[in-house]
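Visitor: fold the following, please.
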Amino acid sequence: MKNNILIAALLFAAFPLLSNTLVVCPDCPVNTIAKGIALANPCDTVLVQSGTYYENNIEINKDLTLIGEGMPVVDGKEQGEIFTVENKYFYIEGFRIQNVGRSYVEDRAGIRIRKSTQFTIRNNEFDEAFFAIYLQNSSKGLIEGNHISAHSLEEANSGNAIHAWYCSYLEIANNVVKGNRDGIYLEFVDNSLIHNNLSQDNIRYGLHFMFSDDDSYYDNEFVDNGAGVAVMYSKNIVMQRNVFRDNWGAASYGLLLKDIFDSEIFHNRFNQNTVGIFMETSNRLKIQQNEFSENGWAVKMSGGNQTNILSKNNFLHNTFNLSVHSAGTDNVFSSNYWSDYAGYDLDKDGVGDVPHRPMKLFSYVVSSTPEAMVLLRSLFIDLLNFSEKVSPIFTPENVIDETPLMTPLPVFGKV
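Guide: As a prediction, this is how the structure comes out:
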(Lines give C-alpha, C1' and ligand atoms only; values in the text may rest on other atoms or scores of the structure.)
Protein backbone atom coordinates (compact mmCIF):
# COMPACT_ATOMS: atom_id res chain seq x y z
CA MET A 1 0.00 0.00 0.00
CA LYS A 2 2.81 2.39 0.82
CA ASN A 3 4.22 1.82 -2.66
CA ASN A 4 0.89 2.73 -4.22
CA ILE A 5 0.71 5.94 -2.20
CA LEU A 6 4.30 6.83 -3.07
CA ILE A 7 3.62 6.34 -6.78
CA ALA A 8 0.56 8.55 -6.50
CA ALA A 9 2.50 11.26 -4.71
CA LEU A 10 5.21 11.19 -7.38
CA LEU A 11 2.58 11.47 -10.10
CA PHE A 12 1.07 14.52 -8.45
CA ALA A 13 4.46 16.08 -7.83
CA ALA A 14 5.21 15.70 -11.52
CA PHE A 15 2.02 17.43 -12.69
CA PRO A 16 3.58 20.94 -12.81
CA LEU A 17 6.32 19.60 -15.10
CA LEU A 18 3.97 17.71 -17.41
CA SER A 19 1.13 20.19 -17.63
CA ASN A 20 0.19 23.86 -17.63
CA THR A 21 0.16 26.03 -14.52
CA LEU A 22 -2.68 28.52 -14.09
CA VAL A 23 -2.12 31.32 -11.56
CA VAL A 24 -4.86 32.69 -9.31
CA CYS A 25 -4.38 35.83 -7.21
CA PRO A 26 -6.61 38.65 -5.93
CA ASP A 27 -5.29 41.08 -8.58
CA CYS A 28 -4.91 38.62 -11.46
CA PRO A 29 -7.30 38.20 -14.38
CA VAL A 30 -8.22 34.91 -12.72
CA ASN A 31 -9.07 36.12 -9.23
CA THR A 32 -11.14 33.27 -7.77
CA ILE A 33 -10.27 29.64 -7.18
CA ALA A 34 -13.53 28.48 -8.73
CA LYS A 35 -12.69 30.38 -11.95
CA GLY A 36 -9.20 28.92 -12.00
CA ILE A 37 -10.54 25.40 -11.68
CA ALA A 38 -13.12 26.02 -14.40
CA LEU A 39 -10.43 27.26 -16.83
CA ALA A 40 -7.92 24.51 -16.04
CA ASN A 41 -7.57 21.44 -18.23
CA PRO A 42 -7.26 17.94 -16.76
CA CYS A 43 -3.85 17.36 -15.16
CA ASP A 44 -3.14 21.11 -14.91
CA THR A 45 -1.81 22.80 -11.80
CA VAL A 46 -3.76 25.67 -10.27
CA LEU A 47 -1.34 27.86 -8.30
CA VAL A 48 -3.21 30.04 -5.79
CA GLN A 49 -1.17 32.93 -4.43
CA SER A 50 -1.44 34.48 -0.98
CA GLY A 51 -4.66 36.26 -0.09
CA THR A 52 -8.15 35.62 1.25
CA TYR A 53 -10.72 34.03 -1.06
CA TYR A 54 -14.34 34.09 0.13
CA GLU A 55 -15.67 31.07 -1.72
CA ASN A 56 -17.68 27.92 -1.10
CA ASN A 57 -19.28 25.04 -2.99
CA ILE A 58 -16.27 24.71 -5.30
CA GLU A 59 -16.75 21.54 -7.35
CA ILE A 60 -13.80 19.68 -8.86
CA ASN A 61 -14.51 16.91 -11.37
CA LYS A 62 -11.22 16.78 -13.24
CA ASP A 63 -7.72 15.57 -12.33
CA LEU A 64 -6.00 18.61 -10.82
CA THR A 65 -3.20 19.77 -8.59
CA LEU A 66 -4.01 22.72 -6.30
CA ILE A 67 -1.02 24.43 -4.71
CA GLY A 68 -1.27 27.29 -2.23
CA GLU A 69 1.61 29.76 -2.23
CA GLY A 70 2.00 31.67 1.07
CA MET A 71 -0.90 29.80 2.71
CA PRO A 72 -3.86 31.47 0.98
CA VAL A 73 -7.08 31.51 3.02
CA VAL A 74 -10.29 30.02 1.67
CA ASP A 75 -13.14 31.32 3.84
CA GLY A 76 -16.56 29.74 3.41
CA LYS A 77 -18.31 32.55 5.29
CA GLU A 78 -20.20 29.78 7.16
CA GLN A 79 -22.32 29.30 4.03
CA GLY A 80 -21.50 25.67 3.23
CA GLU A 81 -18.98 23.14 1.96
CA ILE A 82 -15.83 24.53 0.36
CA PHE A 83 -14.20 21.89 -1.91
CA THR A 84 -16.16 18.92 -3.26
CA VAL A 85 -13.98 16.56 -5.30
CA GLU A 86 -15.29 13.71 -7.43
CA ASN A 87 -12.66 12.43 -9.86
CA LYS A 88 -9.84 9.92 -9.94
CA TYR A 89 -6.72 11.97 -9.10
CA PHE A 90 -6.49 15.02 -6.87
CA TYR A 91 -3.72 16.82 -4.98
CA ILE A 92 -4.06 19.81 -2.67
CA GLU A 93 -1.39 21.44 -0.51
CA GLY A 94 -0.76 24.70 1.30
CA PHE A 95 -4.20 26.19 2.02
CA ARG A 96 -5.91 27.53 5.12
CA ILE A 97 -9.56 26.47 4.97
CA GLN A 98 -11.94 28.02 7.47
CA ASN A 99 -15.50 28.90 8.46
CA VAL A 100 -17.43 26.14 6.74
CA GLY A 101 -20.37 26.69 9.06
CA ARG A 102 -22.13 24.24 11.36
CA SER A 103 -25.29 22.44 10.35
CA TYR A 104 -27.76 20.09 12.02
CA VAL A 105 -29.01 18.65 8.72
CA GLU A 106 -25.91 18.13 6.51
CA ASP A 107 -22.31 17.06 6.97
CA ARG A 108 -20.50 20.05 5.50
CA ALA A 109 -16.80 19.64 4.85
CA GLY A 110 -13.74 21.75 4.20
CA ILE A 111 -12.64 19.15 1.63
CA ARG A 112 -14.92 16.29 0.57
CA ILE A 113 -13.43 13.50 -1.53
CA ARG A 114 -16.01 11.27 -3.21
CA LYS A 115 -15.36 8.18 -5.38
CA SER A 116 -11.71 9.05 -5.86
CA THR A 117 -8.46 7.10 -5.95
CA GLN A 118 -4.85 8.13 -5.51
CA PHE A 119 -5.49 11.50 -3.92
CA THR A 120 -3.34 13.56 -1.56
CA ILE A 121 -4.33 16.19 1.03
CA ARG A 122 -1.12 17.54 2.51
CA ASN A 123 0.09 20.39 4.71
CA ASN A 124 -3.15 22.33 4.97
CA GLU A 125 -4.69 24.16 7.93
CA PHE A 126 -8.35 23.88 8.86
CA ASP A 127 -10.09 26.13 11.35
CA GLU A 128 -13.76 25.73 12.29
CA ALA A 129 -14.36 23.52 9.28
CA PHE A 130 -17.09 21.33 10.85
CA PHE A 131 -15.99 18.15 9.03
CA ALA A 132 -12.54 19.23 7.93
CA ILE A 133 -11.72 16.28 5.63
CA TYR A 134 -14.56 13.97 4.59
CA LEU A 135 -13.71 10.87 2.55
CA GLN A 136 -16.34 8.55 1.08
CA ASN A 137 -16.16 5.56 -1.27
CA SER A 138 -12.51 6.35 -2.00
CA SER A 139 -9.19 4.51 -1.87
CA LYS A 140 -5.41 4.88 -2.02
CA GLY A 141 -5.36 8.30 -0.42
CA LEU A 142 -2.74 10.10 1.64
CA ILE A 143 -3.80 12.58 4.36
CA GLU A 144 -0.58 14.02 5.72
CA GLY A 145 0.73 16.94 7.74
CA ASN A 146 -2.54 18.80 8.18
CA HIS A 147 -3.45 20.91 11.22
CA ILE A 148 -7.13 20.80 12.09
CA SER A 149 -8.61 22.82 14.93
CA ALA A 150 -12.10 23.63 16.15
CA HIS A 151 -13.76 24.79 19.34
CA SER A 152 -16.60 22.31 19.61
CA LEU A 153 -18.63 22.20 22.80
CA GLU A 154 -21.35 19.63 22.05
CA GLU A 155 -21.46 16.43 20.00
CA ALA A 156 -24.77 17.39 18.35
CA ASN A 157 -23.41 20.44 16.54
CA SER A 158 -19.82 19.39 15.86
CA GLY A 159 -18.10 17.31 13.19
CA ASN A 160 -15.05 15.09 12.93
CA ALA A 161 -11.63 16.35 11.89
CA ILE A 162 -10.92 13.45 9.51
CA HIS A 163 -13.95 11.34 8.60
CA ALA A 164 -13.71 8.29 6.33
CA TRP A 165 -16.64 6.12 5.21
CA TYR A 166 -16.40 3.05 2.97
CA CYS A 167 -12.75 3.58 2.10
CA SER A 168 -9.67 1.40 1.75
CA TYR A 169 -5.91 1.71 1.55
CA LEU A 170 -5.71 5.09 3.26
CA GLU A 171 -2.65 6.50 4.98
CA ILE A 172 -3.36 9.14 7.64
CA ALA A 173 -0.07 10.44 8.99
CA ASN A 174 1.54 13.34 10.87
CA ASN A 175 -1.66 15.31 11.38
CA VAL A 176 -2.58 17.42 14.42
CA VAL A 177 -6.30 17.39 15.23
CA LYS A 178 -7.81 19.30 18.15
CA GLY A 179 -11.18 20.37 19.47
CA ASN A 180 -13.49 18.35 17.21
CA ARG A 181 -16.12 15.68 17.94
CA ASP A 182 -13.85 12.79 16.90
CA GLY A 183 -10.30 13.44 15.86
CA ILE A 184 -10.24 10.63 13.29
CA TYR A 185 -13.34 8.57 12.47
CA LEU A 186 -13.25 5.39 10.36
CA GLU A 187 -16.38 3.46 9.36
CA PHE A 188 -16.09 0.52 6.96
CA VAL A 189 -12.44 1.43 6.32
CA ASP A 190 -10.09 -1.47 5.59
CA ASN A 191 -6.38 -2.04 4.99
CA SER A 192 -5.33 1.42 6.17
CA LEU A 193 -2.53 2.97 8.23
CA ILE A 194 -2.94 5.69 10.88
CA HIS A 195 0.37 6.82 12.33
CA ASN A 196 2.29 9.69 13.95
CA ASN A 197 -0.80 11.81 14.57
CA LEU A 198 -1.60 13.94 17.63
CA SER A 199 -5.28 13.86 18.54
CA GLN A 200 -6.10 16.08 21.51
CA ASP A 201 -8.99 17.81 23.29
CA ASN A 202 -11.68 16.19 21.18
CA ILE A 203 -15.16 15.87 22.68
CA ARG A 204 -15.73 12.18 22.04
CA TYR A 205 -12.82 10.05 20.76
CA GLY A 206 -9.33 10.79 19.54
CA LEU A 207 -9.68 7.89 17.08
CA HIS A 208 -12.87 5.94 16.40
CA PHE A 209 -13.13 2.65 14.46
CA MET A 210 -16.48 1.16 13.39
CA PHE A 211 -16.74 -2.01 11.27
CA SER A 212 -13.19 -1.56 9.98
CA ASP A 213 -10.84 -4.51 9.46
CA ASP A 214 -7.16 -5.17 8.76
CA ASP A 215 -5.99 -1.71 9.84
CA SER A 216 -2.96 -0.57 11.83
CA TYR A 217 -2.43 2.47 13.99
CA TYR A 218 0.92 3.22 15.56
CA ASP A 219 3.12 6.01 16.99
CA ASN A 220 0.10 8.25 17.67
CA GLU A 221 -0.69 10.32 20.77
CA PHE A 222 -4.22 10.54 22.18
CA VAL A 223 -4.31 13.19 24.88
CA ASP A 224 -7.14 14.69 26.96
CA ASN A 225 -10.02 13.50 24.81
CA GLY A 226 -13.46 12.40 25.96
CA ALA A 227 -11.90 8.98 25.43
CA GLY A 228 -8.67 8.16 23.66
CA VAL A 229 -9.56 5.48 21.11
CA ALA A 230 -12.64 3.33 20.49
CA VAL A 231 -12.34 0.18 18.37
CA MET A 232 -15.75 -1.40 17.77
CA TYR A 233 -17.05 -4.30 15.65
CA SER A 234 -13.72 -4.79 13.92
CA LYS A 235 -11.05 -7.46 13.50
CA ASN A 236 -7.36 -7.79 12.71
CA ILE A 237 -6.39 -4.40 14.13
CA VAL A 238 -2.75 -3.79 15.05
CA MET A 239 -2.18 -1.15 17.75
CA GLN A 240 1.46 -0.39 18.50
CA ARG A 241 3.60 2.27 20.18
CA ASN A 242 0.77 4.69 20.87
CA VAL A 243 0.44 6.98 23.88
CA PHE A 244 -2.94 7.22 25.66
CA ARG A 245 -2.71 10.00 28.23
CA ASP A 246 -4.94 12.19 30.41
CA ASN A 247 -8.24 10.87 29.08
CA TRP A 248 -10.36 11.55 32.18
CA GLY A 249 -14.09 11.45 32.80
CA ALA A 250 -16.91 9.44 34.29
CA ALA A 251 -17.12 7.30 31.12
CA SER A 252 -13.64 7.88 29.75
CA TYR A 253 -11.05 5.36 28.60
CA GLY A 254 -7.62 5.36 27.08
CA LEU A 255 -8.74 2.52 24.81
CA LEU A 256 -12.27 1.12 24.46
CA LEU A 257 -12.59 -2.31 22.83
CA LYS A 258 -16.05 -3.59 21.98
CA ASP A 259 -16.71 -6.67 19.85
CA ILE A 260 -13.26 -6.83 18.31
CA PHE A 261 -11.35 -9.98 17.46
CA ASP A 262 -7.92 -11.31 16.53
CA SER A 263 -6.03 -8.08 17.20
CA GLU A 264 -2.72 -7.05 18.75
CA ILE A 265 -1.97 -4.35 21.33
CA PHE A 266 1.81 -4.09 21.75
CA HIS A 267 4.28 -1.53 23.15
CA ASN A 268 1.73 1.16 24.07
CA ARG A 269 1.74 3.51 27.06
CA PHE A 270 -1.40 4.18 29.10
CA ASN A 271 -0.80 7.00 31.55
CA GLN A 272 -3.26 8.83 33.82
CA ASN A 273 -6.52 7.71 32.24
CA THR A 274 -9.71 6.92 34.13
CA VAL A 275 -9.47 3.43 32.58
CA GLY A 276 -6.45 2.35 30.54
CA ILE A 277 -8.23 -0.39 28.54
CA PHE A 278 -11.92 -1.26 28.79
CA MET A 279 -12.90 -4.53 27.08
CA GLU A 280 -16.34 -5.91 26.28
CA THR A 281 -17.10 -9.07 24.25
CA SER A 282 -13.65 -8.98 22.68
CA ASN A 283 -11.84 -12.23 21.92
CA ARG A 284 -8.44 -13.57 20.91
CA LEU A 285 -6.54 -10.38 21.65
CA LYS A 286 -2.84 -10.26 22.45
CA ILE A 287 -2.06 -7.46 24.94
CA GLN A 288 1.69 -7.55 25.47
CA GLN A 289 4.60 -5.32 26.49
CA ASN A 290 2.47 -2.30 27.32
CA GLU A 291 2.90 0.07 30.25
CA PHE A 292 -0.05 1.06 32.46
CA SER A 293 0.87 3.79 34.93
CA GLU A 294 -1.14 5.97 37.31
CA ASN A 295 -4.53 5.12 35.83
CA GLY A 296 -7.73 4.72 37.80
CA TRP A 297 -8.14 1.20 36.43
CA ALA A 298 -5.36 -0.19 34.24
CA VAL A 299 -7.57 -2.85 32.61
CA LYS A 300 -11.30 -3.33 33.04
CA MET A 301 -12.85 -6.46 31.53
CA SER A 302 -16.61 -6.63 31.26
CA GLY A 303 -18.51 -9.76 30.21
CA GLY A 304 -17.89 -11.90 27.15
CA ASN A 305 -14.11 -11.60 26.87
CA GLN A 306 -12.52 -14.92 25.96
CA THR A 307 -9.13 -16.32 24.96
CA ASN A 308 -7.23 -13.08 25.51
CA ILE A 309 -3.58 -13.00 26.53
CA LEU A 310 -2.22 -10.29 28.84
CA SER A 311 1.49 -10.90 29.28
CA LYS A 312 4.76 -9.06 29.80
CA ASN A 313 3.07 -5.77 30.67
CA ASN A 314 4.08 -3.28 33.36
CA PHE A 315 1.38 -2.27 35.85
CA LEU A 316 2.77 0.73 37.74
CA HIS A 317 0.98 2.51 40.59
CA ASN A 318 -2.56 2.30 39.25
CA THR A 319 -5.41 2.71 41.73
CA PHE A 320 -6.71 -0.66 40.49
CA ASN A 321 -4.67 -2.84 38.18
CA LEU A 322 -7.40 -5.16 37.03
CA SER A 323 -11.16 -5.58 37.20
CA VAL A 324 -12.84 -8.69 35.75
CA HIS A 325 -16.63 -8.86 35.87
CA SER A 326 -17.18 -12.48 34.87
CA ALA A 327 -15.89 -15.80 36.14
CA GLY A 328 -15.08 -18.88 34.08
CA THR A 329 -13.10 -17.14 31.36
CA ASP A 330 -10.05 -18.64 29.68
CA ASN A 331 -8.07 -15.41 29.57
CA VAL A 332 -4.39 -15.72 30.39
CA PHE A 333 -2.48 -13.39 32.73
CA SER A 334 1.20 -14.25 32.77
CA SER A 335 4.66 -12.79 33.33
CA ASN A 336 3.51 -9.25 34.06
CA TYR A 337 5.15 -6.80 36.44
CA TRP A 338 2.77 -5.61 39.17
CA SER A 339 4.02 -2.74 41.32
CA ASP A 340 1.82 -3.91 44.23
CA TYR A 341 3.18 -7.47 44.19
CA ALA A 342 4.35 -8.37 47.68
CA GLY A 343 5.93 -11.75 46.95
CA TYR A 344 9.57 -12.86 46.97
CA ASP A 345 12.11 -14.45 44.65
CA LEU A 346 14.32 -16.85 46.61
CA ASP A 347 15.94 -18.47 43.59
CA LYS A 348 16.75 -15.05 42.03
CA ASP A 349 15.43 -15.94 38.59
CA GLY A 350 13.46 -12.70 38.25
CA VAL A 351 10.11 -14.42 38.67
CA GLY A 352 8.15 -14.27 41.92
CA ASP A 353 7.86 -17.55 43.81
CA VAL A 354 4.31 -16.74 44.91
CA PRO A 355 1.50 -16.29 42.33
CA HIS A 356 -0.14 -12.86 42.24
CA ARG A 357 -3.86 -12.15 42.29
CA PRO A 358 -4.11 -8.71 40.62
CA MET A 359 -7.81 -8.19 41.21
CA LYS A 360 -8.63 -6.69 44.60
CA LEU A 361 -11.95 -7.25 46.32
CA PHE A 362 -12.46 -3.50 46.65
CA SER A 363 -12.23 -3.18 42.87
CA TYR A 364 -15.10 -5.64 42.64
CA VAL A 365 -17.07 -3.63 45.21
CA VAL A 366 -16.49 -0.28 43.49
CA SER A 367 -17.54 -1.69 40.12
CA SER A 368 -20.97 -2.54 41.52
CA THR A 369 -21.21 0.34 44.02
CA PRO A 370 -19.22 3.39 42.78
CA GLU A 371 -20.11 5.38 45.93
CA ALA A 372 -17.80 3.06 47.89
CA MET A 373 -14.83 4.88 46.37
CA VAL A 374 -14.89 7.32 49.30
CA LEU A 375 -13.46 4.49 51.43
CA LEU A 376 -10.45 3.98 49.15
CA ARG A 377 -7.67 4.95 51.58
CA SER A 378 -9.24 3.59 54.74
CA LEU A 379 -7.84 0.82 56.92
CA PHE A 380 -11.07 -1.12 56.40
CA ILE A 381 -10.29 -1.52 52.70
CA ASP A 382 -6.79 -2.82 53.44
CA LEU A 383 -8.31 -5.46 55.72
CA LEU A 384 -10.95 -6.29 53.11
CA ASN A 385 -8.38 -6.83 50.37
CA PHE A 386 -6.13 -8.85 52.67
CA SER A 387 -8.93 -11.19 53.67
CA GLU A 388 -9.82 -11.82 50.02
CA LYS A 389 -6.16 -12.45 49.21
CA VAL A 390 -5.90 -15.09 51.92
CA SER A 391 -9.19 -16.78 51.00
CA PRO A 392 -10.58 -15.71 47.60
CA ILE A 393 -14.38 -15.89 47.55
CA PHE A 394 -15.71 -13.08 45.37
CA THR A 395 -12.90 -12.47 42.88
CA PRO A 396 -12.60 -14.90 39.93
CA GLU A 397 -10.37 -17.81 40.89
CA ASN A 398 -8.62 -18.03 37.51
CA VAL A 399 -7.58 -14.38 37.44
CA ILE A 400 -4.06 -15.06 38.60
CA ASP A 401 -0.53 -14.45 37.36
CA GLU A 402 1.48 -17.58 38.17
CA THR A 403 4.76 -16.01 37.06
CA PRO A 404 4.81 -12.36 38.20
CA LEU A 405 8.00 -10.49 37.37
CA MET A 406 10.12 -8.86 40.05
CA THR A 407 11.30 -5.91 37.92
CA PRO A 408 9.61 -3.89 35.15
CA LEU A 409 10.17 -4.83 31.53
CA PRO A 410 11.43 -2.47 28.84
CA VAL A 411 8.33 -1.55 26.84
CA PHE A 412 10.00 -0.02 23.77
CA GLY A 413 6.98 2.23 23.32
CA LYS A 414 6.75 5.80 22.12
CA VAL A 415 7.84 8.22 24.87
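
Visitor: identify the residue spatially nearest to Val23, adjacent ones excluded.
Guide: Distances taken as CB to CB, 6 or more residues apart in numbering put Leu47 closest to Val23, at 5.1 Å, once the chain neighbours are dropped. Every residue, glycine included, has its C-beta placed from N, CA and C.

Visitor: give me the beta-bridge partners of the one you found?
Guide: Counting by DSSP bridges, Leu47 forms beta bridges with Val23, Ile67.

Visitor: quick one: it and Leu22 touch, right?
Guide: Yes. With contact defined as CB atoms under 8 Å, Leu47 reaches Leu22; the gap is 7.0 Å.

Visitor: residues in contact with the residue nearest to Val23?
Guide: Residues near Leu47 by CB atoms under 8 Å, 6 or more residues apart in numbering: Thr21, Leu22, Val23, Val24, Ile67, Glu69.

Visitor: distance of Glu144 relative to Lys300?
Guide: As judged by CB to CB, to the nearest Å, Glu144 and Lys300 stand 35 Å apart.

Visitor: can you check Phe211 too?
Guide: 23 Å.

Visitor: between these two, which one's more packed in?
Guide: Lys300 (23 against 15; other CB atoms under 10 Å).

Visitor: and that one, how far from Val411?
Guide: 20 Å.

Visitor: got phi/psi on Leu39?
Guide: Dihedral pair for Leu39: phi -80, psi -20, per degrees, to the nearest 10.

Visitor: show me the helices in the stretch 251-400 of the chain, by range?
Guide: 361-368, 379-390 (DSSP state H, counting those that start in this stretch).

Visitor: comparing those helices, which gets the lowest mean pLDDT score?
Guide: Looking at those, the lowest mean pLDDT belongs to helix 379-390 (a mean of 52).

Visitor: so who does the residue positioned nearest the centre of the chain touch?
Guide: In the chain, the residue lying closest to the centroid (CA atoms, centre = their mean) is Leu207, at 2.6 Å. Applying CB under 8 Å, 6+ apart, one finds that Leu207 lies in contact with 182-186, 194, 199, 217, 220, 222, 228-230.

Visitor: ok, of those, which one's closest to Val332?
Guide: Taking CB to CB as the measure, Val332 lies nearest Val229 of the contacts of Leu207, at 23.4 Å.

Visitor: which SS class is that closest one?
Guide: strand (DSSP: H, G, I helix; E, B strand; the rest coil).

Visitor: for it, give me its contacts.
Guide: 205-209, 217, 222, 239, 242, 244, 254-256.

Visitor: which ones among these map onto strands?
Guide: Tyr205, Gly206, Leu207, His208, Phe209, Tyr217, Phe222, Met239, Phe244, Leu255, Leu256 (DSSP state E).

Visitor: does the last one touch Phe222 like I think?
Guide: No. Assessed by CB under 8 Å, Leu256 is found out of contact with Phe222, at 11.3 Å.

Visitor: who has more neighbours out of these two?
Guide: A direct count of neighbours by other CB under 10 Å for Leu256 and Phe222 places Phe222 higher, at 30 against 25.

Visitor: residues contacting that one?
Guide: Per CB under 8 Å, 6+ apart, neighbours of Phe222: 183, 199-200, 206-207, 228-229, 242-245, 247, 254.

Visitor: just the pLDDT for it.
Guide: 98.

Visitor: which regions of the protein sit below the pLDDT cut-off?
Guide: Low-confidence segments of the chain, defined by pLDDT under 70: 1-19, 105, 326-328, 360-396, 412-415.

Visitor: for it, longest strand please?
Guide: The strand that spans the most residues within the chain, counting by DSSP E, is strand 162-173.

Visitor: and the contacts of the helix or strand immediately after that strand in the chain?
Guide: Using DSSP states H and E, the helix or strand that follows strand 162-173 towards the C-terminus is strand 176-178. Outside strand 176-178, the residues that touch it by CB under 8 Å, 6+ apart are 132, 146-150, 161-162, 183-184, 197-202, 206.

Visitor: again, but for stretch 399-409
Guide: 289, 291, 312-314, 316, 322, 324, 331, 333-338, 341, 343, 345, 350-352, 355-359.

Visitor: mind listing what's buried along it?
Guide: Val399, Ile400, Asp401, Thr403, Pro404, Leu405, Pro408, Leu409 (16 or more other CB atoms under 10 Å).

Visitor: look up how far Leu186 lies from the third one.
Guide: Just to be clear, that refers to Asp401. Taking CB to CB as the measure, Asp401 falls 34 Å from Leu186.

Visitor: same check on Gly70?
Guide: Gly70 is 33 Å from Leu186, by CB to CB.

Visitor: who has more neighbours out of those two?
Guide: For Gly70 versus Leu186, neighbours defined as other CB under 10 Å are more numerous around Leu186 (28 against 11).

Visitor: you'd agree that one is in a strand?
Guide: Yes. Assessed with three-state DSSP, Leu186 lies in a strand.

Visitor: quickly list what Ile58 is bridged to.
Guide: Phe83.

Visitor: make that Leu207, sorry
Guide: Once the bridges are assigned, which here means DSSP bridges, Leu207 pairs with Ile184, Val229.

Visitor: please name the nearest non-neighbouring residue to Pro355.
Guide: Pro355 sits nearest to Glu402 (CB to CB, 6+ apart), 4.8 Å away.

Visitor: may I have the phi/psi pair for that neighbour?
Guide: Dihedral angles (degrees, to the nearest 10) for Glu402: phi -80, psi -20.

Visitor: again, but for the one 5 residues further on
Guide: According to degrees, to the nearest 10, the main-chain angles of Thr407 amount to phi -130, psi 150.

Visitor: which residues touch the host helix or strand of Val189?
Guide: If you go by DSSP H and E, Val189 is part of strand 184-190. Residues outside strand 184-190 that contact it (CB under 8 Å, 6+ apart): 160-168, 170, 172, 175, 177, 192, 194, 197, 199, 205-215.

Visitor: change it to 6 Å
Guide: 160, 162-168, 207-214 (CB atoms under 6 Å, 6 or more residues apart in numbering).

Visitor: that strand vs strand 205-210, what angle?
Guide: 20 degrees (axes from the mean of the first three to the mean of the last three CA atoms, to 10 degrees).

Visitor: helix or strand right after strand 184-190?
Guide: Defined by DSSP H and E, the subsequent element after strand 184-190 is strand 193-195.

Visitor: each with direction, which strands does the helix or strand just after that following strand pair with?
Guide: The helix or strand immediately downstream of strand 193-195 is strand 198-200, counting by DSSP H and E. Take DSSP bridges as the rule and strand 198-200 pairs in its sheet with strand 176-178 (parallel), strand 221-223 (parallel).
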